[in-house]
Structures are given as C-alpha cells and as structure tokens.
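J.: Next come a sequence and a model predicted from it.
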Amino acid sequence: MRRVRCCVLLTGLLLAAPAMADADWQTVQNDAKGQTVWFNAWGGDRAVNRYLDWVSGEMKTHYAITIKIVHLADAADAVKRIQTESAAGRKTHGSVDLLWVNGENFRTLKEAGLLQTGWAQTLPNWRYVDTDKPVTEDFAIPTDGAESPWGGAQLTFIARKQSLPVPLSNSDALLNYAQEHPGKITYQRPPDFTGTALLEQLLLTLTTDPDALKVAPNPHTFDAVTAPLWNYLEKLHPLLWREGKDFPPAPARMDALLASGNLNMSVTFNPAHAQQKVVSGELPADSYSFGFRDGMMGNVHFVAIPANCSASAGAKVVANFLLSPAAQIRKADPKIWGDPSVLNPQKLPSKQAAQLQQFIPDGLPKTLPEPHAAWVSALEKEWLRRYGTR
Amino acid sequence: MVASLRHPLGWLVWIAVAVIYAPLIPAAPMLMSPAFSLGGWQALLSDPQLPQAFIATLVSTFIATAGSLLIALCVVAALWPGDRWRRLHTRLPWLLAVPHVAFATSVLLIFAEGGAFYQWCSACSPLIDRYGMGLGLTLAVKESAFVLWAMYAVLPEKTLAQQMVVLRTLGYSRIQGLFWLALPAVAPALGAVMLAVVAWSLSVVDVAIILGPGNPPTLAVLAWQWLSQGDAQQQTKGTLLCLVLLLLLALFAAIGFIIWRRWHRPVPDTSGVRQYVGAPVIGTTLGGLLPLSGILCAAALILLAGEDGFDFAPFRASFSLALFSGLIALAVILLWLEWGSSGKALWMWLPLALPALPLVAGQYRIALFTNIDGSYFAVLWGHLLWVLPWMLLVLQPAWHRLDPRLVLIARTLGMRRSKIFWRIKCPLLIRPILFAFATGFSVSMAQYLPTLWLGAGRYATLTTEAVALSSGGSTAILAGRALWLLALTAAAFGIAAGFSRLAGRYRQGLR
C-alpha cells in the first residue's frame, strides 16, 4: 500500500510539472484548495465504491480537496434533481458538483443547457487521452467539452468453457448455437440497457445500410434499415429461453441463470465483468468473455459538471485526476475495478505504458461506434410493439 | 375547521399539518396537467404492453389482497382470543421486519428457475407465470403479517373476548364467532388497512421486478420505467399510468365496500344453527408458519450475505431520522385527532396512494424556494409526508373506537379537556400508539427518494446505500444490506411488542 501511495505521489508531482506552466490551470488549482466536491455516482458496485474512496483519499492528501461521494441507484435521479433546481431558479450553489453520466442522461442535460461546456479539453491530462476512442461524442452527440472521458465499456458475451467451448464468431454462429441448444440463450428485456445494446449490436452487424445508423432514425427508411434485424429475431426467438416468451429483467438475473446452468450465455457491458465475478465466486471458474470477430459495440462514460455547481474548480481538478495515468492504471486493474482506460498507452511514459498495457486484454474485439442516441428509443419502441406481449 | 381553530392547539396542529402536506400543492399540477393531453392518453392506450400488464396487475393485486385477508382471518379464527394469539403477536415482528425486497429475494432464490426448491425436487418444473400469481402469493404472505398486526391493535380483548367465550360455550363455532363478533368490531380499521394493502400491491415496483411477470411487467413497473426516462412523452405516459393506478385503487375500494355492505348484517342470524367445524388446523398452522417464514428469510439472508463492512454513519442517520420522524408524527397525530380534525380529511391519505416522484419533486421545489435543501431538517420534513399518514392509518380507527362513556364520566368529574386527553385517552391508546410508532419507524427507514433529494445526497442512510448497491444486482450485497435494515426494523417492532405486553400486564383491560 505504501509503495502505491509513493508511486501516486511521484506521478502527481510528475503531472504537476507541465501543469505549472499553465497559469490558468494554476489558478484553477488554487481556487480548488479547500473546496468540497459532491460527486454523484452510480453506487451499484462495491469495487467502484472502493475505487472512489481511494480517489477521495488522494484528493484530500495531495490537493486539499474534500470529495463526498453520493451513491445513486441511477444517474437519472441526479439528472431530475438538477432539472428541478433549474426550474426553481437555482442558478448557483446547486447540489451536484460532478456527475458520472453518459448517453440519454447527458443528452437531456446538455440540450437543456444545464452543463458547463468547453472545459474538458483544457484539462492538463487531456494530452494522454486516446482520441481514437469516441471521447468527444457521446452516443453520436458532440460533447463540446461538457464532459470529460473517464472509462470505456464494450458489449461482451460471457459463457462457460464446459457448455460453450468455442466463442461464437458472428450472429450466424449465435443462431446455429441456439438451434443446437434450444432454450439456453436469451438476452435482457429492453428497455434494459444491455438488452437494447444487444439489439443495436445485431443491427450494426446485420443491416445493409450502416450509414443510416450514424444519424437519427428516419421514419421513412426505418423499416427498410431494420428489416434484417427483425428477420433475424423471428428466427432466433423460438429458440430462446422460455421460447422467447419471457426475458430476464436485468443482467444480474442472467448471470444467476448462467451460474445455475439454466443458460449457456450471459451479456454484459463491462469486458472485465466475467473476470470480476469469477473472483467473487458469483460465476463458475470456467467462465470467460468473448465478442464477435468483426467487433462489438462500445462506448465511453464521462464525468460532467452541472452549470449551477458549487465547486467548479474543485470538480475540474477531480476530473483531471481521474484522467491521470496513475488513477487510470489503478482503475483498469481487474483486481481493483477492471474498467477499461480511456488513455492511449503510446502517449504515456514507457513505465506507465507497460503498466497500463498489461491490463488491456489481448484479443479484445474491435470497438464499433454506437448508433445515434435516438436509435435507442426507436428500437425499444419497435421491439416492445413486436415482442413486448407474449 | 372553524370549531377546531377556537383552541390555540388547534391552530398549532393545523399549521403543522399544513407544513407537512404543503408539497401536495406544487405536486398537483405536475400530476394533473398530463391528464388533459389527448396525445398522451392516445400514446398510453396504444401501447401494446398495456392490456397484458393490466391483467397481470389486477390478478396479482387481487391475490395479494384477498390472500392476505384470508390468511389473517384464518389465523384470527383459530387463535383469537387466548394465549396463543398473544404469543403470535410477539412473534409477528420476525416477519414484519423483513424488508419486502429481502423477502422477495429469498423467495426468488428458493423458487426461481435453478433455485433451491427445484434442485431438491428435480421432477418439478417451474411454471411460466404470466399473470403475476407468484408475485400475488408472496405479497399475500408478507402483507398478512401487517393485517394481523393491525387487527391485534384494534381487537378489544376484554369485552369482546368475554362475548366470544359465551358464544363458544353456547356451542357456536369459531367461524361464527369471527363473523358475528370480531369482524364487525374491527371492520372500519380493517377497511383502512386493506385499502393500504391494495394501494401498496398496486404500486409496488421493486418486488414486482424481482418476482413479477417479465414480458410485459406489471403496470407499476411500466410507470416507473417511463417516469425514469428523460423523454418528455414517456414521462407523460408514466404520469398517466399513475393516474390509472389511482383509478384502479378507487375501483378496488368501491368493490370492497359494496361486498361488505351486501354481506354485513347488523343483527346476526338468529336461527340458532350451530355450524360444526373441526379443529382449526389451517389457521393454527398458518399462525406458526408466518413468523417462521420471517426467520427462514433472515436465515437465507445470513447465508447469502457476503462480507460486508459496517459503516456507522448511515446507521446513525437512519436511526435518528426514523426515531424523530416517528415521534414528531405521533405528537402531531394525537394533537390532530384531539384538537384539529373535523370530519373526514380524505386528502390526508393522498401520499399513500399517489406516486412518490411528483410528491418528492414538489417537496424539493419548496425546499429550494425556502433554501433549506440539504439540511437535516429538510429530510426529516420530507419523511413526515409518508410517516404521518401511515401512522394515522393505525391510530385513527383506534381513536374513534375509544369508549365515549369514559370521557363523559371524566367530564362529569370536572376534568379539563387537556387532562382527559393526557390521563384518559393516551393511556387507553397505548397499544395502538406503540404499534403506530413502530410502523412509522419502518416507513421512515424505507424512504429513498425523499432522503436523496431533500438531503441533496448529503445524508446517506441504510436505505439509500442499499438501493444504490442493489442496482448492481449482486445478491450477496443486497442480502448484507437487507440484514442491517432488518435488524433495525425488527428492533423497533420487537420493542413495541414488548412494551405492549408490559402495558397489558399492568393494565389488564387494555390487553
């Protein structure tokens, strides 16, 4: 532990050096001293909570900033609170300083003008960010510097060596496997986040018109673009768990069914999920993760600062620390959290690059960009119309 | 109202109640404005999930309501009056204190596909439950404990038990005794309790996600899904669905009232026929099984709970909020019943029936306006909006059943109103008061949204931590957190039951 702390301190100093040059950033850091930052974050994972406790400790020791973590069941709880504050005319001294957010919630806040913009790229640690990843757009909506990337995620399948020894390489292989093992495959019921993501993944790989997915769905071409997906599901659904008449409500339920042997496959949005759950004993030891050969859909999650926040400078310093190589390497360690980093190892000093590299699993499928945010509700609506009542 | 304001305490209590219920005013337009949007109704009614979800909701609510009433009546018929009835009362907290989510989780772990039951009985195969029957049955078992507990608080032991003994010695059966003596005596209180059970079963979200039908889910889950989406149209649909649920509640209440009116005879049947019923096996078994199921559930949680660090701050916050909101609500309710109330104030029950989200949003607006958001006081105030009606639900029927002759005698002896209140009425109500306090305590413990919003995230309680952690779906964590909630709630109910027995020992007639 002491060695880690020492290492973090050294990295902190190392990072501080170039930042010194930047007078603006110096001002921000001075303003941030002694501030209390209320960081509202999803609190559904003990590993994440422990990591955030570590971040709090580091910020207190090295930056004299107090972080208070507000554990949320859903980021939407904080989004609604910020909306209510704005409606009540609370332009300053809001209750949220930093918010873990992406996708629909980000779109809601940004379109209502409730976020500070143009700060993310000014963070000193932005120079390490892997700009090949979709770090400047969130579900195809430009971030305009209103949120700073924090971690990556990718749709991933989980299976057991015993029941599914060879990874399925594409959607046809999935269909064949379902034919051979009827009732052993399913996915989460949309509007569950992961279930909808699987629909998007299948649409991305099946559609004949991939360019149509980069913009909001056009009602005139929606049927033509999505026809291959529905044809595929018509074939797949009778082969699913409970003949596709019922679907598990949440990823955790699918994991439990995989562990009890009722299913042969589970779906998750965190590539390190299988590894973590094997360690915690919730999944059997022979569980492994895989993706389609041509790539799996992935995205980036961010931290954002509301326009009415009470500790803007402090929130920026925290966001910058979250991007620092030390914090990102620690986050990528599956023993600690296992969340994929948003940094590019090639931009890091060689020692840190090697440290980060060891946590990037080999053979991870290519990351496919997400369709435009409006596809989520369009696909959910059509899915519910077709299969929402059985 | 005019009469009640003649007394200074009347003023005080009216102001207190107004402060607690003020959020209803900003919440009303939020709830009502979508009701006039034709497009919203069209969107809701054209949703393909609606018919099936509607049926599942009706079926599960009906099973939960009728089942809990049936179980409770069976137990009352078998055990009341007597020592075993009192013993049951002290054991009921074992089931009452189990949080609904924890109870549902243990049922799921035992009876779900791949669960313990099917591993043990490999020939049995799980049924696909499209109509929410499993959900209904689980709620029926859990709610029957609440119904029994409420009946215990209002069944007057002294007078009625003597009549029951006479009836039994005349050769009438326990069932006849139940219908002629016990039910008419507890009917008003039972009606209110059953209404709460209906409202709760209709609107329950967390348990329905765990045990309810999946494709489509129940109406309450649909409403919750829509309300938690950013999209304005979906939110309108969610709000409208909440109104539909409110109408359903009214429908259930009306049907229940009609059935009661049709069935109830002011003068019992005088034909003199003695029904013969055998030994009350079912009721006795149920009376034994109910507390046992609570213990089983706690045991399942202990087995499942992973290593879990204990944090003192959320524990302390939960405890102090529950304690103070229970005490404040108790004081307000007693003063309200004595000096404030006039006629039937139906609006006081609204928080039990309305969806929580608009009410919390209304509270938060007021808190932002008055600049009290993020303070301890604001959270306490927020909890009271739910704690108060739940406690009133328990206390009001008991208050109205106070023997007016005692008050008359006291007044002829020259006692002042305040002295009658303090020396006659409160001691007579000690048992309902204790029960109401335990109920209020557990209601306050369970608040998630008001704590998070009004406290602006500054006050972590056991429940906010548990809800946030359970969103990750790990059963070990869920079980660990549920155990702490269970321990605190069980302590509150257990202490209430203990004091109630103690009061019974010193004041025989109260038992």
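T.: In hand now; what should we look at? Numbers count the residues shown, from 1 in each chain, chains lettered A, B, ... in the order given.
J.: So which helix or strand of chain B has the lowest pLDDT on average?
T.: helix B:116-120 (a mean of 67; mean pLDDT, DSSP states H and E).
J.: Next secondary structure after that helix?
T.: Downstream of helix B:116-120, the next assigned helix or strand under DSSP states H and E is helix B:133-154.
J.: That next one - what's its average pLDDT?
T.: For helix B:133-154, the mean per-residue pLDDT is 89.
J.: closest point of chain A to chain B, which residue?
T.: In chain A, no residue comes nearer to chain B than residue A:252, which is 2.4 Å away by CB to the nearest CB. In this view, the C-beta of every residue, glycine as well, is placed from N, C-alpha and C.
J.: I'd like to know which elements the helix or strand harbouring that residue is packed against.
T.: Using DSSP H and E, the element containing residue A:252 is helix A:251-259. Applying 3 or more CB pairs under 8 Å, 6 or more residues apart in numbering or on different chains; DSSP states H and E, one finds that helix A:251-259 contacts strand A:156-160, strand A:265-268.
J.: Residues in contact with it: which ones?
T.: Applying CB atoms under 8 Å, 6 or more residues apart in numbering or on different chains, the external contacts of helix A:251-259 come out as A:158-160, A:186-188, A:192, A:194, A:241, A:248, A:263-269, A:277, A:282-284, A:287, B:113-114, B:472-475.
J.: Close to chain B: what parts of the stretch 151-300 of chain A are there?
T.: With CB under 8 Å from any CB of the partner chain as the criterion, the stretch 151-300 of chain A meets chain B at residues A:189, A:191, A:242, A:245-253, A:255-257, A:260-262, A:280, A:282.
J.: out of those, which are buried?
T.: A:189, A:191, A:242, A:245-253, A:255-257, A:262, A:282 (16 or more other CB atoms under 10 Å in any protein chain shown).
J.: Give me the contact status of stretch A:308-317 with chain B.
T.: No - residues of stretch A:308-317 are not located near chain B by CB under 8 Å from any CB, the shortest gap being 10.1 Å.
J.: what about that stretch, how long is it end to end?
T.: In stretch A:308-317, first residue to last residue: 17 Å (CA to CA, to the nearest Å).
J.: and the chain, what are its domains?
T.: Just going to use chain A. Split into domains by automatic domain parsing, chain A comes to A:2-150+A:301-359, A:156-290+A:369-387.
J.: not quite, I wanted chain B
T.: B:1-30+B:310-511, B:52-265+B:286-300.
J.: Quickly check: the first one near chain A or not.
T.: Yes - shown here: domain B:1-30+B:310-511 in contact with chain A (CB under 8 Å from any CB) through B:357, B:361, B:364-365, B:368-369, B:373-374, B:448-449, B:452-453, B:456-458, B:460, B:464-465, B:467-477.
J.: Please spell out the PyMOL selection for the buried subset of those residues.
T.: To isolate the buried subset of these in PyMOL, counting by 16+ other CB under 10 Å, use the following:
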select buried, chain B and resi 357+361+364+365+368+373+374+448+449+452+453+456+457+458+460+464+465+467+468+469+470+471+472+473+474+475+476+477
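J.: and the helix or strand hosting residue B:32, average pLDDT?
T.: For residue B:32, the enclosing helix or strand under DSSP H and E is helix B:24-32. Averaged over helix B:24-32, pLDDT sits at 85.
J.: what distance separates that helix from the centre of its chain?
T.: 24 Å (CA atoms, centre = their mean, to the nearest Å).
J.: That one packs against which elements?
T.: Counting by 3+ CB pairs under 8 Å, 6+ apart, helix B:24-32 packs on helix B:232-263, helix B:356-369.
J.: Give me the contacts around the last one.
T.: Read it as helix B:356-369. Everything outside helix B:356-369 that qualifies as a contact, by CB under 8 Å, 6+ apart, is A:80-81, A:84-85, A:87-90, B:22-27, B:30-31, B:227, B:239, B:242, B:351, B:373, B:378, B:381-382, B:385-386, B:449-450, B:453-454.
J.: Now which of these would you call buried?
T.: A:80-81, A:84-85, A:88, A:90, B:23-24, B:26-27, B:30-31, B:227, B:239, B:242, B:351, B:373, B:378, B:381-382, B:385-386, B:449-450, B:453-454.
J.: quick one: low-confidence ranges for chain A?
T.: A:1-22, A:362-363 (pLDDT under 70).
J.: In CSV: the domains of chain B, plus distance to residue A:44.
T.: Shown next, in CSV, are the domains of chain B (distance: least, CB to CB, whole Å):
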stretch, distance to residue A:44
domain B:1-30+B:310-511, 3
domain B:52-265+B:286-300, 14
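J.: out of the ones you listed, nearest to residue A:299?
T.: domain B:52-265+B:286-300 (16.9 Å; CB to CB).
J.: How far does that closest one stretch from one end to the other?
T.: End to end - CA to CA - domain B:52-265+B:286-300 spans 33 Å.
J.: And stretch A:148-164, by the same measure?
T.: Note: stretch A:148-164 ends 39 Å apart using CA to CA.
J.: Could you list the buried residues of it?
T.: A:148-160, A:164.
J.: What sits closest to residue 35 if chain neighbours are left out?
T.: Since you didn't name a chain, this refers to chain A. Once flanking residues are discounted, residue A:35 sits nearest to residue A:314: 3.5 Å by CB to CB, 6 or more residues apart in numbering or on different chains.
J.: that's the wrong chain, I wanted chain B
T.: residue B:243 (5.9 Å).
J.: ok, that neighbour - contacts?
T.: Counted by CB under 8 Å, 6+ apart, residue B:243 has contacts B:31, B:34, B:35.
J.: of those, closest to residue B:442?
T.: Out of the contacts of residue B:243, the member with the shortest distance to residue B:442 (by CB to CB) is residue B:31, at 26.5 Å.
J.: residues contacting the closest one?
T.: Counted by CB under 8 Å, 6+ apart, residue B:31 has contacts B:239, B:242, B:243, B:354, B:355, B:358.
J.: No further questions, thank you.
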